[in-house]
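Participant: sequence and predicted structure below; questions after.
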Amino acid sequence: MSGIVVHVRQGFEDDAAKELSHQLNDCGVTSRSMQAIADSAIVVVTLSREDMNLARSKLKLADLIFSRQLLWLSSFVNLPAEGDRVSSLVDEIKGPLLEISGSNAFSGFFFETPDTDSSKELTGFCKSLTRHVENALNKIKLMPKGKGASHLPRVHLVMTSNHQVLVTLADVHNSSPWTMGIPRLRFPPSAPSRSTLKLEEAFHVFLGQEAMGEKLQAGMTAVDLGACPGGWTFQLVKHRMQVTAIDNGALDEKIMDSGLVTHLREDAFAYRPYDTVDWMVCDVVEQPAKITSLMVEWIVRGHCRNTIFNLKLPMKKRFEETTACLNHLKDRCRESGKMIEVKAKQLYHDRKEITVYVAVKSVAKRSISTKSG
Ligand SMILES: C[S@@+](CC[C@H](N)C(=O)[O-])C[C@H]1O[C@@H](n2cnc3c(N)ncnc32)[C@H](O)[C@@H]1O
């Protein structure tokens with residue numbers, strides 16, 4: 001068999017499946033069977049081998065908003081109730097999985113579960129099997145060490161019940177480097193709110209390690225719309241930026257001690273900066289269409305060079321609402337001649353929301369018509 005497995009936030013399987021369908025159509029893959037069981041936190045797509053290869057060459061995890069991890073499926077394994085469970089897994093990896101991989105070895109190995117409450121009891125089982133499977137793969141030289149091997153696909157075994165495992169692989173340049181697509185971020189003890197991790201995760205996912213150094217520099221200017229109690233401002237201050245925090249609420253006092261923050265008790269929808277700022281971030285809880293219009297205004301009028309903002313999703317038609325907002329943003333920027341890069345993702349630390357990153361590239365050149373004669 002062959003196909004796709006994606007990890008998603010529990011409860012968003014339908015949205016992820018709709019999005020995958022659209023993207024697969026765009027890749028030219030029209031025949032498939034899609035399994036999006038409510039609250040399973042994964043979507044499984046069965047494809048012909050030919051279609052899987054086509055999708056593998058075209059489908060990009062970065063283009064999927066509702067998927068955190070993109071895996072290529074070679075088989076389901078039913079584990080024996082007792083006795084040797086390692087051999088059946090290793091046989092599948094060195095057989096069908098290696099065959100679809102297009103390589104002769106793997107760069108790594110994850111044994112994971114979908115991100116659901118009920119899967120937590122399987123985690124211990126995965127851990128106990130990990131070392132045995134890894135040792136077996138090392139023994140048959142399927143996991144070479146060293147930098148030269150780092151481009152090879154990674155094995156992901158996804159345990160969906162105590163007897164069933166999906167045997168999959170990830171392409172290292174088209175996947176999340178974290179098991180289950182979940183970054184392990186430590187909550188800073190002095191941060192004013194847990195939502196600080198949302199912005200930290202957004203920096204990792206959208207900018208990556210390399211661009212973070214260039215895009216997040218000391219002395220840059222930033223505006224935080226809807227800043228209180230200050231979790232996002234905390235991240236900007238961590239990078240030694242000068243932050244203007246806009247909110248009628250109370251901002252954490254410790255953050256003010258940094259000397260880098262100006263707190264203005266103003267309306268986020270009315271405030272505009274005097275000069276273009278390097279960053280504008282926005283975590284105001286409002287209708288997604290209203291937030292999108294505000295973001296468009298900031299970008300089109302040149303108030304910011306980069307922005308990260310949240311769109312709080314409605315209860316229904318979340319994929320449709322997301323698409324409508326992002327299309328509106330792109331259309332308005334195009335009409336006004338702004339060239340932008342847009343990335344959007346439902347991050348691990350997001351709940352019923354998605355996070356959007358926009359970088360303003362430049363102002364598109366318009367053709368100038370000259371009159372002669
Ligand atoms: C989800 S909280 C922001 C949490 C913040 N990002 C953090 O990490 O601590 C939303 C904030 O938006 C503020 N807010 C809502 N509407 C606003 C408006 N029109 N103008 C300014 N702030 C607003 C609220 O007072 C609230 O503090």
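Facilitator: The structure has been received and is ready for your questions. What you are looking at is a predicted structure, and each value in this text was computed from that prediction instead of being measured.
Participant: now stretch 263-277, how far from the chain's geometric center?
Facilitator: 29 Å (C-alpha atoms, centre = their mean, to the nearest Å).
Participant: would you mind listing the buried residues in it?
Facilitator: 263, 268, 277 (16 or more other C-beta atoms under 10 Å). (Each C-beta comes from the backbone N, C-alpha and C, glycine too.)
Participant: what is the nearest of those to the ligand?
Facilitator: residue 268 (3.3 Å; C-beta to the nearest ligand atom).
Participant: now the closest residue to the closest one other than its chain neighbours: how far from residue 261?
Facilitator: In space, and not counting its chain neighbours, residue 268 is closest to residue 225: 4.0 Å by C-beta to C-beta, 6 or more residues apart in numbering. Residue 225 sits 14 Å away from residue 261, going by C-beta to C-beta, to the nearest Å.
Participant: repeat that for residue 162.
Facilitator: Taken as C-beta to C-beta, the span from residue 162 to residue 261 is 51 Å.
Participant: and these two? Which one has more around it.
Facilitator: Counted by other C-beta atoms under 10 Å, residue 162 and residue 261 do not tie: residue 261 has more neighbours, with 23 against 11.
Participant: I'd guessed the more buried one sits against residue 252; true?
Facilitator: No: judged on C-beta atoms under 8 Å, residue 261 makes no contact with residue 252 at a distance of 9.5 Å.
Participant: can you give me phi and psi for residue 71?
Facilitator: phi -130, psi 150 (degrees, to the nearest 10).
Participant: tally of neighbours for the closest residue in space to it that isn't next to it in sequence?
Facilitator: Counting by C-beta to C-beta, 6+ apart, residue 168 is the residue found nearest to residue 71 once chain neighbours are left out, at 3.8 Å. Close neighbours of residue 168, defined as other C-beta under 10 Å, add up to 26.
Participant: now residue 168, which residues is it bridged with?
Facilitator: residue 73, residue 156 (DSSP bridges).
Participant: how far away is it from the ligand?
Facilitator: 35 Å (C-beta to the nearest ligand atom, to the nearest Å).
Participant: and that residue, what pLDDT?
Facilitator: Note for residue 168: predicted pLDDT of 98.
Participant: ok, it touching residue 5?
Facilitator: Yes: with contact defined as C-beta under 8 Å, residue 168 reaches residue 5; the gap is 5.2 Å.
Participant: list the residues that contact both of these two?
Facilitator: Common neighbours of residue 168 and residue 5, using C-beta atoms under 8 Å, 6 or more residues apart in numbering, are 71-73, 158.
Participant: among the residues you listed, which one is most surrounded by other residues?
Facilitator: That'd be residue 71 among these, by other C-beta under 10 Å, with 29 neighbours.
Participant: which secondary structure elements does the one helix or strand residue 100 maps to contact?
Facilitator: Using DSSP states H and E, residue 100 sits within helix 98-101. Judged by 3 or more C-beta pairs under 8 Å, 6 or more residues apart in numbering; DSSP states H and E, helix 98-101 is in contact with strand 69-78.
Participant: spatially nearest residue to residue 69 (excluding sequence neighbours)?
Facilitator: Nearest to residue 69 is residue 181, by C-beta to C-beta, 6+ apart, at 3.4 Å.
Participant: and for residue 81, the neighbour number?
Facilitator: Neighbours of residue 81 (other C-beta under 10 Å): 8.
Participant: oh, that last question was meant for residue 150, not what I typed.
Facilitator: Around residue 150 there are 11 residues (other C-beta under 10 Å).
Participant: so what's it closest to, chain neighbours aside?
Facilitator: residue 107 (5.6 Å).
Participant: for that neighbour, give me phi and psi.
Facilitator: phi -90, psi -20.
Participant: which ones are touching it?
Facilitator: 143, 149-154, 172.
Participant: if we can go back for a sec, per-residue confidence for the residue nearest to residue 268?
Facilitator: At residue 225, pLDDT is 98.
Participant: then residue 69?
Facilitator: At residue 69, pLDDT is 98.
Participant: beta partners for it?
Facilitator: Where residue 69 sits in a bridge, its partners, by DSSP bridges, are residue 7.
Participant: who touches it in this structure?
Facilitator: 6-7, 61, 156, 170, 175-176, 180-181.
Participant: nearest to residue 129 among these?
Facilitator: Among these, residue 156 lies closest to residue 129 (C-beta to C-beta), at 13.5 Å.
Participant: for the closest one, which residues are in contact?
Facilitator: 69, 71, 110, 112, 168-170.
Participant: where does pLDDT dip in the stretch 101-250 of the chain?
Facilitator: Across the stretch 101-250 of the chain, nothing is flagged by pLDDT under 70.
Participant: show me which residues of it sit near the ligand.
Facilitator: 192-193, 195-196, 226-232, 246-249 (C-beta under 6 Å from any ligand atom).
Participant: out of the residues you listed, what pair is the most spread apart?
Facilitator: So, those by C-beta to C-beta: farthest apart are 196 and 248, at 20.2 Å.
Participant: higher neighbour count, these two?
Facilitator: residue 196 (23 against 11).
Participant: got the phi and psi for residue 350?
Facilitator: According to degrees, to the nearest 10, residue 350 has phi -80, psi 150.
Participant: sorry, back to before: how about the shared contacts of residue 168 and residue 5 in JSON lines, adding distance to residue 200?
Facilitator: Output for those, formatted as JSON lines (distance: C-beta to C-beta, whole Å):
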{"residue": "71", "distance to residue 200": "25"}
{"residue": "72", "distance to residue 200": "29"}
{"residue": "73", "distance to residue 200": "31"}
{"residue": "158", "distance to residue 200": "26"}
